[in-house]
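> Provided below are the primary sequence and the corresponding predicted coordinates.
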Amino acid sequence: YQRRVRGDGITKILYHWDCSRVVERLLVNCSSPTLLDLGSLLLPHVIELACHSFASHVLELFIMKLVRDIHTKESREAVDLAEQVFRKLCLDVSKLIADVHGSYTLRSSLQVLVSIRVEEDKRKRKRWDIGKNSFYETSTAHPTLRRILHKFTKRLVKVDVSSLLWSQQGAPLLSVLLILLHRTDNKSLPNLKSVISDSFEKTVTDYQGFDEFGPLPAVLLDSKSSYVVQSYMKICSKDELESLYNSKYKPLIVPLSLHHVANYTVQTLLEYAPSRAIALDMCQKIVPIFEDLLAESITGVVISVTKCCHHHGLSNSFDIIKVLQEAFHVPDDQIHLFFRCLMSMNTHDVLVEKLESYKKPTQSGKPRRDRFEATLAGSLLLQGLFKLGLVGKLEEGLCSLSEDHIVYLSTNPQSSHAIQAFLTSAAISNTVKHRFIKTAVFVLDKLVMTPSGSRIVEAMWTAASNEIKSSIAQVLLSKEQAIKDNTYGSIVWKNCNLKAFKLGVNSWEEAERKKKKKLQSFEKIIGDKVAETEDKELDPVQIDDTGTIEVDLENTNSNQSKSSKTGDSSRKAKKKKKG
């Protein structure tokens, strides 16, 4: 291979669809000397390879493998080669940013240098499963790579950042650069932050549907720049987020929530709300427009509101269930269909029409099956409601489900998470959970051997009383051999300690009582410890909003002296014991 491939021969190989995939496969398990030899062939053509649709994949994998060798073997030759490769990439950064494949190569190289897990490749080419992400676990950057990273980012920061903000290839690169500088170099970060904050001044008035609200920041209405703003929010301090909300978002939270692009920044702001007061103010403005949001299929904001209420303890501040009931047009006498409306994300009228169509026989005369629709958005919304403990008007529809519907919802990868959230929520009483479990007991043998259903069985077991656990155990023991032979069933068998139940009910009940008593005492200890830590002052080591570590030297020295004294006394005690 080394003898035949010289000069432009390597580019001919890597520009070919099949040949480039073969080289990728060879790179996975190649030795360090072979990797260095390949690097000497790739080095003169780095820019051309980075901008090619096939060869860019090989170059990205080569950089990953090279940096991996530096982490594990600390090869000086690998470090020198990495410096030359990144020096080549820095020579023509503008060309790489303007190209789809080149910009992706830049992003993956930055992530590799700082040891961030490489993002999923969303380009059209279907790759082999070569374990791309297995090369990197999130860890601190290697010391020898920090110099390369500093030079590389210094060159990128010199590019016109404001133009990257509105570019299809530049916006993702700018997002990665923000997170990277936040973790490594804080000197260049304020400049980038100021450019993004200044971009809010540019407003747009010629948009449809929101004329009555006045001008909106253009940076939030564009799909590319709003993606950068989301990354910007994630690295901002609490004071910066509070200032951003009060100046830009507070008067415009309603139109931004209803915009099909700007609503993603509202979701990020709800997730990273800097204080309970701001979270309360946002939710007070967004909850009344739930119906409009659902009509526009902007369910993400509604889901984010439920998560925000759960995080900041705002469950009693709004009647979310009543607002959702009105949004889905569910009358009080049909409240048993409310759960089904939320899960399927259909209004009451649409759902009733579908249920009526299920009653009509097919052309062959056979009865139609009552299909229960489950959507991802509905499952996420119900998870948020169950974590808040808002199950009052949903109880009738959830606990009156038929056995077929329970099997479907529990084995469906999307809806099963909602059922699990209901069974594991600390805000929902055990009485409501037991009512659901008593119906689901009869179909446990159909759930226990499925990936999603096995998690539901374990959640039922944890929430059940000893009497219900006996019923669950008897149902599972009837299919003992099949459950043991199944991968998921064997895990449930072990976690539920069904072996002890089989040996004797009395001994099993005594073990369950002891286990419950230990769990309660442990929870009490944890609760007392949490209360103590809240009353105490901060530790000597403190982390401020910028991520830097501040050390109180006086407290640290006093603690060290105390620890040294206790260490000496313990050593003396050991010597006495030995004597």
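Yep, that arrived.
> Show the contacting residues for the residue nearest the centre of the chain.
Computing the C-alpha centroid of the chain and ranking residues by CA atoms, centre = their mean puts residue 271 first, at 11.8 Å. When the contact criterion is CB atoms under 8 Å, 6 or more residues apart in numbering, the partners of residue 271 are 304, 307-308. Placement of C-beta: from N, CA and C, glycine included.
> Now it, what are its backbone angles?
With angles defined as degrees, to the nearest 10, residue 271 shows backbone torsions of phi -70, psi -40.
> swap in the one 3 residues further on?
Per-residue torsions, residue 274: phi -70, psi -20 (degrees, to the nearest 10).
> Correct me if wrong: it contacts residue 238.
Yes: applying CB atoms under 8 Å, one finds residue 274 in contact with residue 238, separated by 3.8 Å.
> Comparing those two, which shows the higher neighbour count?
Here residue 274 and residue 238 are set side by side on neighbour count (other CB atoms under 10 Å), and the busier one is residue 274, at 19 against 13.
> Contacts only, for the more buried one.
238-239, 241-242, 245.
> Quickly note the distance from it to residue 190.
Counting by CB to CB, to the nearest Å, the separation of residue 274 from residue 190 is 19 Å.
> same deal with residue 258?
33 Å.
> For the contacts of residue 274, which single residue is the most surrounded?
Top of the contacts of residue 274 by neighbour number is residue 241, holding 22 neighbours under the definition other CB under 10 Å.
> Run through the residues that contact it.
By CB under 8 Å, 6+ apart, the contact set of residue 241 is 233, 269, 272-274.
> taking those one by one, which sit in helices?
Residues of the contacts of residue 241 located in helices (DSSP state H): 233, 269.
> Type out the PyMOL command that picks the buried ones from the contacts of residue 241.
Typed into PyMOL, the next command selects the buried ones out of the contacts of residue 241 (criterion: 16 or more other CB atoms under 10 Å):
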select buried, resi 233+269+273+274
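> okay if I get the contacts of residue 241 as CSV plus distance to residue 39?
Putting the contacts of residue 241 into CSV (distance: CB to CB, whole Å) gives the following:
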residue, distance to residue 39
233, 39
269, 45
272, 41
273, 47
274, 46
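> can you put the contacts of residue 241 in TSV and add pLDDT?
Compiled in TSV, these are given as follows (pLDDT from 0 to 100):
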residue	pLDDT
233	91
269	93
272	92
273	92
274	91
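> quick one: the nearest residue to residue 162 once chain neighbours are set aside from residue 269, how far?
Excluding its sequence neighbours, the residue lying closest to residue 162 (CB to CB, 6 or more residues apart in numbering) is residue 195, at 5.8 Å. Look at residue 195 and residue 269: by CB to CB, they are 20 Å apart.
> With residue 506 instead?
56 Å.
> Could you do residue 496 as well?
Counting by CB to CB, the gap between residue 496 and residue 269 amounts to 42 Å.
> go on, residue 224?
When distance is defined by CB to CB, residue 224 is 19 Å away from residue 269.
> for this structure, which spans come out with low pLDDT?
1-8, 115-144, 185-186, 205-213, 362-370, 523-524, 526-579 (pLDDT under 70).
> now the strands for it?
203-204, 216-217, 541-543, 549-551 (DSSP state E).
> one step back: nearest to residue 432, of the contacts of residue 271?
Compare each of the contacts of residue 271 with residue 432 using CB to CB and the shortest gap goes to residue 307, at 21.8 Å.
> ok, the residue lying closest to the closest one once chain neighbours are set aside - contacts?
Setting aside the residues directly before and after it, residue 307 is nearest to residue 384 in space (CB to CB, 6+ apart), at 5.5 Å. By CB under 8 Å, 6+ apart, residue 384 lies in contact with 303, 305-307, 309-310.
> Please produce a markdown table containing the residues you listed, extended by distance to residue 45 and neighbour count.
A markdown table is the format used below for the contacts of residue 384 (distance: CB to CB, whole Å; neighbours: other CB atoms under 10 Å):
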| residue | distance to residue 45 | neighbour count |
| --- | --- | --- |
| 303 | 47 | 21 |
| 305 | 52 | 26 |
| 306 | 52 | 25 |
| 307 | 48 | 17 |
| 309 | 55 | 25 |
| 310 | 53 | 19 |
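> for residue 501, what are its contacts?
Taking CB under 8 Å, 6+ apart as the definition, contacts of residue 501 comprise 470, 473, 477, 508.
> scratch that, residue 56
Residue 56 makes contact with 49-50, 101-102, 104-105, according to CB under 8 Å, 6+ apart.
> so which of those comes closest to residue 316?
residue 104 (47.2 Å).
> how far away is the closest one from residue 112?
Relative to residue 112, residue 104 is positioned 12 Å away (criterion: CB to CB).
> got it, and residue 280?
Taking CB to CB, one finds residue 280 at 42 Å from residue 112.
> next one: residue 152
Per CB to CB, residue 152 is found 11 Å from residue 112.
> Kindly report the same for residue 482.
46 Å.
> on that earlier part again, and the residue nearest to residue 162, how many neighbours?
By the criterion of other CB under 10 Å, residue 195 has 17 neighbours.
> residue contacts, it?
With contacts taken as CB under 8 Å, 6+ apart, residue 195 has the following neighbours: 161-162, 165.
> residues near the nearest residue to residue 23 once chain neighbours are set aside, how many?
Distance criterion CB to CB, 6+ apart; nearest residue to residue 23, sequence neighbours excluded, is residue 58 at 5.3 Å. By the criterion of other CB under 10 Å, residue 58 has 24 neighbours.
> Who are the contact partners of residue 58?
Contact criterion CB under 8 Å, 6+ apart gives 14, 20, 23-24, 27, 49 as the residues in contact with residue 58.
> Could you rerun that using 6 Å?
For residue 58, the residues meeting the contact criterion (CB atoms under 6 Å, 6 or more residues apart in numbering) are 14, 20, 23-24.
> Relative to residue 244, how far out is the residue nearest to residue 307?
Computed as CB to CB, the residue 384 to residue 244 distance reads 25 Å.
> before we move on, what about residue 29?
For residue 29, the distance to residue 244 equals 48 Å [CB to CB].
> Which one's more surrounded, those two?
Looking at residue 29 and residue 244 with other CB under 10 Å, you find the greater number of neighbours at residue 244, namely 19 against 9.
> What number of residues are in the vicinity of the residue lying closest to the more buried one once chain neighbours are set aside?
Spatial nearest neighbour of residue 244, excluding adjacent residues (CB to CB, 6+ apart): residue 236 at 7.0 Å. Using other CB under 10 Å, residue 236 is surrounded by 20 other residues.
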